[in-house]
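[1] whatever this is, show me its structure:
(chains A, B, C and D)
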Number of protein chains: 2
Amino acid sequence: MAGVREARKQQTREQIAATALRLFADRGFEAVSVAEVARTAGVTEKTVFNHFATKEDLVYSGDQRFETALVDAIDARPPGTPVAGAVGAFLLDRYAGFGDDPRRRARQAVLARLVTGSPALQARERQLLARYAATLREHIARELGVDDDEDDLRPQVIAEALIAAHGTVIGAFRRATLSGAPPEQYAPRVLAAAREAFGLLAGLP
Amino acid sequence: MAGVREARKQQTREQIAATALRLFADRGFEAVSVAEVARTAGVTEKTVFNHFATKEDLVYSGDQRFETALVDAIDARPPGTPVAGAVGAFLLDRYAGFGDDPRRRARQAVLARLVTGSPALQARERQLLARYAATLREHIARELGVDDDEDDLRPQVIAEALIAAHGTVIGAFRRATLSGAPPEQYAPRVLAAAREAFGLLAGLP
DNA sequence: TCTCTTGTTTACAGTGACTGTAACGAACGG
DNA sequence: CCGTTCGTTACAGTCACTGTAAACAAGAGA
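    Numbering: from 1, shown residues only, chains lettered A, B, ... in the order given. Reported below is the predicted structural model:
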């Protein structure tokens, strides 16, 4: 099971994703066709779609991690802590570490430019956020002792409000990143704004 | 300017939209191609795209009305009332009138089936909600005396939370509609849930 | 080592949403 | 009555994405 085959496959996948991100960064998401990504990566177009269901997935190939981290944070919260509070703390902690790693920060900058320039990627992002919210809802429903799929909308509203705040903060960081200002300057400001934003929702759970 | 031309154009547009909705209702959104809509409506595919930018727009052709109603409700609120409260009241009032008109209710049922069955339409709906939220944000920012485009994220978070609650309620009505139960039965329950949901956000502005 | 199976990639053909352009014809304005 | 405007058509093309069968290399078993 320690396969040469699996390794090759993974390698192909990463090769494709890396090529795609480079091309997109150079010329924009819409201006590069999947065919060109495939050609540049040295594979067939079909192979690209065997690895990535949509063109947008080429950009959001590492999204699974965030959701698992979020769920882990919820499951690891000290007993008695409300889910909403744990989520807020988790997110704020994550923002605080924004751009510690320069490589990561560079990647964020590229992503910021891509997403702000592409409606398709924005749609994809909304879809991701909606998925996070759905996951969150289940956890909150459990905590509140609400039978999910019942007529109580509070879990979903709380979940969506938290995720909306998250999306808003992400957007703020993006705008700040694109402004060209040095991160040391804007990071504290945005972080303070994020704290304030989540403070609004503190009374929720 | 009282044109025969404009009338014809409008007629063509409505003819296309009606045909499309009928076909979609019969066989599902994805199963009907734009080419077929055009053929059935007696026009060219290009004409369809001259009137509707995307296939999804064929379903959401009457969306503008909601946004203007929302804005009107905000502008018409009694002085001193917070925007968030006015919006909540406006939405709750709207839900209360849900399905008064049988024709409207039938249309809602069709839409419910279409949207729950089509990821593309769900994406479109998220986009619409995001636009509403953006509009709301501007109004809330003005009320709070916040320079929009500044580092204060509260207006956007409040706006998105309200719109998220709206989306949640819509979804609840959809699920109830699709359950096949009579509206007299589920409407009060969902309405109560909606009140509770907006009650959560009452402390916001 | 030989062989049979399994899984990844390719070649190829096709669908469907959407765009651009030039031409046609009917309503408009004078 | 005539030139212009504008909605529609005909046509050709791009691009994301799918299905299928064949090529080929890796894994498992004898």
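[2] any idea how far the residue positioned nearest the centre of chain A is from B:Q127?
    When CA atoms, centre = their mean is applied to chain A, the residue found nearest the centroid is A:D63 (5.6 Å). Taking CB to CB, to the nearest Å as the measure, A:D63 falls 19 Å from B:Q127. Bear in mind the C-beta positions are built from the backbone N, C-alpha and C, glycine included.
[3] coming back round to it: doesn't A:E125 make contact with the residue nearest to the centre of chain A?
    No. Counting by CB atoms under 8 Å, A:D63 sits too far from A:E125 to count as a contact (9.5 Å).
[4] thinking again about what came up before, next up, phi/psi of the closest residue to the residue nearest to the centre of chain A other than its chain neighbours, please.
    Of all residues not flanking A:D63 in the chain, A:L128 sits nearest, at 5.9 Å (CB to CB, 6 or more residues apart in numbering or on different chains). Dihedral angles of A:L128 (phi, psi; degrees, to the nearest 10) stand at phi -60, psi -50.
[5] what do you get for the one 4 residues further on?
    Backbone dihedrals for A:Y132, given as degrees, to the nearest 10, come out at phi -60, psi -40.
[6] how about A:D148?
    The phi/psi pair for A:D148 (degrees, to the nearest 10) is phi -60, psi 150.
[7] count of neighbours near it?
    Other residues near A:D148 come to 12 when the count uses other CB atoms under 10 Å in any protein chain shown.
[8] OK, contacts around the nearest residue to it once chain neighbours are set aside?
    Closest residue to A:D148 apart from its sequence neighbours, by CB to CB, 6+ apart: A:A141 at 4.5 Å. A:A141 is in contact with A:147-148, A:152, A:155, counting by CB atoms under 8 Å, 6 or more residues apart in numbering or on different chains.
[9] A:L204 too?
    A:84, A:158, A:161-162, B:200.
[10] in strands, which of those fall?
    Under the assignment DSSP state E, the contacts of A:L204 contribute nothing to strands.
[11] DNA strand D: which of those is nearest?
    Set against DNA strand D, the nearest of these by CB to the nearest atom of the strand is A:L162 (29.0 Å).
[12] any idea how far B:A161 is from the closest one?
    Relative to B:A161, and taking CB to CB, A:L162 is found at 9 Å.
[13] mutual contacts of these two, please.
    A:L201.
[14] check which residues of stretch A:139-157 are buried.
    Using 16 or more other CB atoms under 10 Å in any protein chain shown as the test for burial, stretch A:139-157 gives A:139-141, A:143, A:146, A:151-157.
[15] ok, and the closest non-adjacent residue to A:A20?
    Using CB to CB, 6+ apart, the nearest residue to A:A20 is A:L58, at 4.0 Å.
[16] name the nearest residue to A:A38, sequence neighbours excluded.
    A:E45 (4.4 Å).
[17] domain-wise, how is chain A divided?
    A:4-58, A:64-200 (automatic domain parsing).
[18] okay, these in JSON lines with distance to DNA strand C and mean pLDDT next?
    Below are the domains of chain A laid out as JSON lines (distance: least, CB to the nearest atom of the strand, whole Å; pLDDT from 0 to 100):
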{"stretch": "domain A:4-58", "distance to DNA strand C": "3", "mean pLDDT": "97"}
{"stretch": "domain A:64-200", "distance to DNA strand C": "10", "mean pLDDT": "92"}
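[19] just name the most buried of those.
    Mean neighbour count, computed with mean count of other CB atoms under 10 Å in any protein chain shown, is highest for domain A:64-200 among the domains of chain A, reaching a mean of 17.
[20] got the contacts of A:L204 as TSV, with distance to A:S118 columns?
    Listed next are these as TSV, based on distance: CB to CB, whole Å:
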residue	distance to A:S118
A:A84	32
A:I158	30
A:A161	26
A:L162	26
B:L200	34
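[21] of all the residues you listed, which comes closest to A:V4?
    Closest approach between those and A:V4, by CB to CB: A:L162, at 44.0 Å.
[22] so who does that closest one touch?
    A:84, A:87-88, A:91, A:133, A:136, A:198, A:201, A:204.
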